[in-house]
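S.K.: Predicted coordinates and the sequence they were generated for:
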Amino acid sequence: MFRRHTILAMLVAMFTWVMALLVLPAPVWATNYMARDYLVVDLRFGIEWLRCSVGQVWNGTTCEGEVLTLDHEQIAMAIEQANEQLGGNWRLPTLEELEGLVCTECTRPLIDPDMFPETASEPYWTGEKNGMATRHYFSVNFFNGWTFGRFFPNQQLAVRLVRDRY
């Protein structure tokens, strides 16, 4: 009786484990995005990302060109140009929005390569000031996934623009 009970318990445990593997959802970061040509719709935040970093161009399959690093004065010009050419109100992402792109299961750069190809493995600007050091802005580094609040607006970092969905 004891042996039959032990075998039955082992079978139930194995069945439960196998069923858990079959119904595990896709990683959260993978289910939050829908690609639409040169845009990625971020369902979690209700925003649209440009698939390519500033300086790159979407060719229908991937991003081509060099990722530019810009200071805040140059970013204002890039946003104005994006608004004119693409429509909408483009902006720098919030810290939470940009951190939401970090994919810890991905290889470097730590971002979904299907949604955001050819992303640089380096820090990207957010539009948020550091509340503890108000002359500094936050960035998210796609090399290691870390957030920093130590960059001055006259420093040059990579940029990915976002706009709110209507």
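M.R.: Sure, I can see it.
S.K.: The chain: strands as residue ranges?
M.R.: 33-36, 39-42, 47-50, 57-58, 63-64, 69-70, 123-130, 133-141, 147-151, 157-158, 162-164 (DSSP state E).
S.K.: For the fourth one, give me every contacting residue.
M.R.: Residues outside strand 57-58 that contact it (CB atoms under 8 Å, 6 or more residues apart in numbering): 37-38, 50-52, 63-65. (Each C-beta comes from the backbone N, C-alpha and C, glycine too.)
S.K.: Same list, those residues, but as a markdown table with neighbour count please.
M.R.: Below are the contacts of strand 57-58 laid out as a markdown table (neighbours: other CB atoms under 10 Å):
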| residue | neighbour count |
| --- | --- |
| D37 | 8 |
| Y38 | 16 |
| L50 | 21 |
| R51 | 22 |
| C52 | 22 |
| C63 | 19 |
| E64 | 12 |
| G65 | 14 |
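S.K.: Quick check: chain neighbours aside, which residue is closest to K129?
M.R.: Y137 (5.7 Å; CB to CB, 6 or more residues apart in numbering).
S.K.: ok so, going back, may I see the strands of the chain organised as TSV, with distance to R108 added?
M.R.: TSV is the format used below for those (distance: least, CB to CB, whole Å):
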stretch	distance to R108
strand 33-36	19
strand 39-42	19
strand 47-50	19
strand 57-58	22
strand 63-64	16
strand 69-70	18
strand 123-130	13
strand 133-141	10
strand 147-151	17
strand 157-158	14
strand 162-164	22
